[in-house]
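Q: Got a predicted structure here, sequence first:
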There are 2 protein chains.
Amino acid sequence: MKSPSSQPRDRGIPEATVARLPLYLRALHGMGERGITTVSSEDLAVAAGVNSAKLRKDLSHLGSYGTRGVGYDVEYLVYQISRELGLTQDWAVAIVGVGNLGRALANYGGFVSRGFRVAALVDADPEVVGDTIAGLNVEHIDELEAVIKRRGVSIVVLATPAAAAQKVCDRVIAVGVTSILNFAPVVLSVPESVDVRKVDLSIELQILAFHEQRKAGGPLMAVDGQ
Amino acid sequence: MKSPSSQPRDRGIPEATVARLPLYLRALHGMGERGITTVSSEDLAVAAGVNSAKLRKDLSHLGSYGTRGVGYDVEYLVYQISRELGLTQDWAVAIVGVGNLGRALANYGGFVSRGFRVAALVDADPEVVGDTIAGLNVEHIDELEAVIKRRGVSIVVLATPAAAAQKVCDRVIAVGVTSILNFAPVVLSVPESVDVRKVDLSIELQILAFHEQRKAGGPLMAVDGQ
DNA sequence: ATCCCTTTGTGAACCGATGCACAAAGTCGG
DNA sequence: CCGACTTTGTGCATCGGTTCACAAAGGGAT
């Protein structure tokens, strides 16, 4: 049942591949800046920290953009990946919760450079509402819905305390937001149609601790584990 | 060849399971605080946002800590998971790079509450060296090695600009650090024996953008994609 | 124009993770 | 003490992702 599409690109990119595309993109950007115009799968793979077979398979899901015997054209590949990820359009992002983390995110350069635009900052604390952070006025949480609609926000970043996250989440979903990046350490309950990605800083540390413990205790504990 | 271990716990926990243990731990902590003493795999699974079969299989890798017909004892399970993750000991963490992000991390409550102790803050900017952040004195990057040894730091968090990350990374590895949490948007090159976990805030946004684009453009672009 | 060399794109084997479905093991009421 | 009921722990089928290894495709030299 596969369509005999002349378009090489097959609309059904594996999730694992999608998660790596930004990595390739970053590596390609670096190369472009260094004046490299063409790159082999082997070199790009090293720069992105993956193996070359995986890289080639990943890229093959987007289409046949390489030249056998030569490699990939850096600029062209940047464009293709950007387009696939949807980075050729500009995305208005709202950050809710302007504590330390929210502030850090608002100032984070990595966003703007990738087609994301922080279009609004929102907080509940009257102390910070009205402040200017990263060139933006912090607005009151009561204005949440109005701000989202007015600024055309389509992605919301939650950097609120855990207790507030679900409530804010419900409200933004109610006004049509379907993509949420959640930094609050809670499991959000959302309808099927909404995408939530979560980043939990302490989880990463815990995973490191697990491995670190093994390294430290491993040789000794092997006796016990045996 | 499986040992007839009386120790139920088999030293070889799947990576995917390790990554979920902190999630279970968080859910269990919440339940403990709400006075719940016993929980079924079904309830815990819901609280952690996974399905119950997966949860049971995950826990079975640590040992047989449930009671059939009843469920799991919350406190006991918290202890077992904590021990497995190595959270029963205290880990000294150094944060290198005290920009917005480093500052946010230094103040992040989620660390302390999990057995992690921010033991040192280090930066290269003379402007911030000497400042007190989250009760800690910011030390100069030249002191990096000395600070790590003196404070017994075993996990380093890199929150430096991309350009500085590899250099700092090399230096901390040289003094024996084998666990690194990297927020800088670069692929670090490290020896096999060193564990690096990376968090790239803009990657998460890019993945969201990809899915958002599909949702928005999907029905329309199908025409073109055809 | 032909041959050799390089590098892509992919078929196929492999590997780990997921989810189903159920037997085993325990509790509790009578 | 027994039988009904609940919930765990796991064998097994399945699935998605990774890796290997090679045929197909192109470039460049002669």
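A: Perfect, thanks for sending it.
Q: mind listing what A:R83 touches?
A: If a contact means C-beta atoms under 8 Å, 6 or more residues apart in numbering or on different chains, then A:R83 has no contacts. From N, CA and C alone the C-beta is placed, and that goes for glycine too.
Q: Ok, the one 10 residues further on next?
A: Taking C-beta under 8 Å, 6+ apart as the criterion, A:V93 is in contact with A:111, A:116-119, A:153, A:155-157, B:205.
Q: Now with 7 Å, please.
A: Each residue near A:V93 by C-beta atoms under 7 Å, 6 or more residues apart in numbering or on different chains is listed here: A:111, A:116-119, A:153, A:155, A:157.
Q: same check, this time on A:R103
A: So A:R103 contacts A:133, B:100 (C-beta under 7 Å, 6+ apart).
Q: Same check on A:L205?
A: Counting by C-beta under 7 Å, 6+ apart, A:L205 touches B:111, B:116, B:155, B:181.
Q: Among those, which ones are in strands?
A: B:116, B:155, B:181 (DSSP state E).
Q: and which of these is nearest DNA strand C?
A: Distance to DNA strand C across the ones in strands among the contacts of A:L205 (C-beta to the nearest atom of the strand) is lowest for B:L181, with 20.3 Å.
Q: Tell me which stretches of chain A form helices.
A: A:15-33, A:41-48, A:52-60, A:74-85, A:100-107, A:109-112, A:144-151, A:162-174, A:201-225 (DSSP state H).
Q: of all these, which gets the most neighbours per residue?
A: helix A:100-107 (a mean of 22; mean count of other C-beta atoms under 10 Å in any protein chain shown).
Q: relative to helix B:100-107, how tilted is it?
A: In terms of direction (axes from the mean of the first three to the mean of the last three C-alpha atoms, to 10 degrees), helix A:100-107 departs from helix B:100-107 by 170 degrees.
Q: For helix A:100-107, list the C-alpha coordinates in PDB.
A: The C-alpha trace of helix A:100-107 is given here as PDB (Å, rounded to 0.1, in the frame of the first residue of the first chain):
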ATOM      1  CA  ASN A 100      14.800  31.700  38.000                       C
ATOM      2  CA  LEU A 101      14.100  29.100  35.300                       C
ATOM      3  CA  GLY A 102      11.600  31.100  33.400                       C
ATOM      4  CA  ARG A 103      14.000  34.000  33.400                       C
ATOM      5  CA  ALA A 104      16.800  31.800  32.100                       C
ATOM      6  CA  LEU A 105      14.600  30.500  29.300                       C
ATOM      7  CA  ALA A 106      13.500  34.000  28.300                       C
ATOM      8  CA  ASN A 107      17.200  35.000  27.900                       C
END
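Q: mean confidence for it?
A: Mean pLDDT, helix A:100-107: 94.
Q: same question, stretch A:77-95
A: Here the average pLDDT along stretch A:77-95 is 97.
Q: Check what pLDDT A:R114 gets.
A: A:R114 is assigned 86 on the pLDDT scale.
Q: any idea how far it is from A:E33?
A: Between A:R114 and A:E33 the computed distance is 15 Å (C-beta to C-beta, to the nearest Å).
Q: Next: A:L44.
A: Using C-beta to C-beta, we find A:L44 at a distance of 15 Å from A:E33.
Q: ok, now A:A119?
A: On the measure of C-beta to C-beta, A:A119 and A:E33 end up 27 Å apart.
Q: just A:Y76 next, same as before
A: As defined by C-beta to C-beta, A:Y76 lies at a distance of 16 Å from A:E33.
Q: Could you do A:E204 as well?
A: Separation of A:E204 from A:E33 (C-beta to C-beta) stands at 29 Å.
Q: ok, and does stretch A:15-22 reach over to DNA strand D?
A: Yes: using C-beta under 7 Å from any atom of the strand, stretch A:15-22 reaches DNA strand D at A:15-17.
Q: Which one of those residues is nearest to A:D170?
A: A:E15 (25.9 Å; C-beta to C-beta).
Q: any idea what sits nearest A:S82, other than its immediate chain neighbours?
A: The shortest distance from A:S82 to any non-neighbouring residue, by C-beta to C-beta, 6 or more residues apart in numbering or on different chains, is to A:T88 (5.5 Å).
Q: what about that neighbour, distance to DNA strand D?
A: To DNA strand D, A:T88 is 24 Å away according to C-beta to the nearest atom of the strand, to the nearest Å.
Q: do A:L201 as well
A: Using C-beta to the nearest atom of the strand, A:L201 is found at 23 Å from DNA strand D.
Q: Show the end-to-end separation of stretch A:90-106, please.
A: 16 Å (C-alpha to C-alpha, to the nearest Å).
Q: and it, how far out from the chain's middle?
A: Distance, stretch centre to chain centre, for stretch A:90-106: 14 Å (C-alpha atoms, centre = their mean, to the nearest Å).
Q: I figured A:A134 hits A:A106, correct?
A: Yes: because the distance of 4.2 Å satisfies C-beta atoms under 7 Å, A:A134 is recorded as touching A:A106.
Q: any residues in contact with both of the two?
A: Common contacts of A:A134 and A:A106 (C-beta under 7 Å, 6+ apart): A:V118.
Q: Low-confidence bits of chain A, can you list those?
A: A:1-11, A:217-226 (pLDDT under 70).
Q: Residues of it that sit close to DNA strand C?
A: Proximity of chain A to DNA strand C (C-beta under 7 Å from any atom of the strand) is limited to residues A:40-42, A:52-53, A:56-57, A:59-60, A:64-72.
Q: how's chain A carved up into domains?
A: A:15-85, A:91-203 (automatic domain parsing).
Q: for DNA strand D, what are the nearby residues on chain A?
A: Residues of chain A that fall close to DNA strand D, judged by C-beta under 7 Å from any atom of the strand: A:14-17, A:50-51, A:53-54, A:56-57, A:67-70.
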